[in-house]
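1. What follows is a predicted structure for the sequence shown.
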Amino acid sequence: MEIIPAKLRDVSVSPRRGVAIVTLLLALGVSASASDPGAADKNPVTNSQQSGKGRHWYQIGQASWYGTPFQGKKTANGEKYDMNALTCAHRSLPLGSWIRVTNLTNRKSVFVRVNDRGPVLGSRIIDLSYGAARAVGIKGLAKVKLETLQPGDPEMAKQLIAQLQVPVSVERGL
């Protein structure tokens, strides 16, 4: 089984996308484990389902976003915050892990990388970067579903690689 088609192997990739693809491949090879992030919160729904492929972790709850006031400041993993990047803040998922965020109102989804800790308010499960919020159509708060990137799931890997190949444009003014 071939995850990356020959067409994609022959295409030159920008350094930024190259880093993202390498991170994806590492994430597929390493199982991300997370403690139960919903244990401290009564509102979010966190679940791990047992399936033939292993555990499938997901969390449902309120998402918010953060932008301009944090632009350029250091995140929990030490990098500078880029409000237009596809990143997020989560209380307990491992820094550097990839998750799929689905807006449950419009069913739009995007993959984001955890690079910060938060959100501060206990009623929320994730803070998305401005760019990630725009990609899924969030203008304030929204109910979302979070799913960790599953090692050995070629369909999820294919969707993430497709997202990395298509640049996400972020419009001004949320």
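-> Sure thing, it's come through. Fair warning: this is a prediction, and the values are worked out from it, not measured in the lab.
2. From now on I want contacts and neighbour counts done on CA atoms only, so please keep to that.
-> Noted.
3. quick one: Leu104 and Lys145 touch, right?
-> Yes. Judged on C-alpha atoms under 8 Å, Leu104 makes contact with Lys145 at a distance of 6.8 Å.
4. So for the two, which residue has more residues nearby?
-> Using other C-alpha atoms under 10 Å as the criterion, Leu104 and Lys145 rank with Lys145 on top: 24 against 15.
5. The helix or strand hosting the more buried one: partners in the sheet, and parallel or antiparallel?
-> Element membership of Lys145 [criterion: DSSP states H and E] is strand 142-148. Here strand 142-148 has these sheet partners by DSSP bridges: strand 54-66 (antiparallel), strand 98-103 (antiparallel).
6. I'd like the next helix or strand past the last one.
-> Going down the chain from strand 98-103, the next helix or strand is strand 109-116, by DSSP H and E.
7. next structured bit after that next one?
-> Next along from strand 109-116, by DSSP H and E: strand 124-129.
8. ok, Trp65 touching Gly131?
-> No. Trp65 is beyond contact range of Gly131, at 9.0 Å (criterion: C-alpha under 8 Å).
9. Neighbour count: these two, which is higher?
-> Gly131 (27 against 22).
10. for that one, helix, strand, or coil?
-> Three-state assignment for Gly131 (DSSP: H, G, I helix; E, B strand; the rest coil): helix.
11. nearest residue to it other than its sequence neighbours?
-> Spatial nearest neighbour of Gly131, excluding adjacent residues (C-alpha to C-alpha, 6 or more residues apart in numbering): Asn84 at 4.2 Å.
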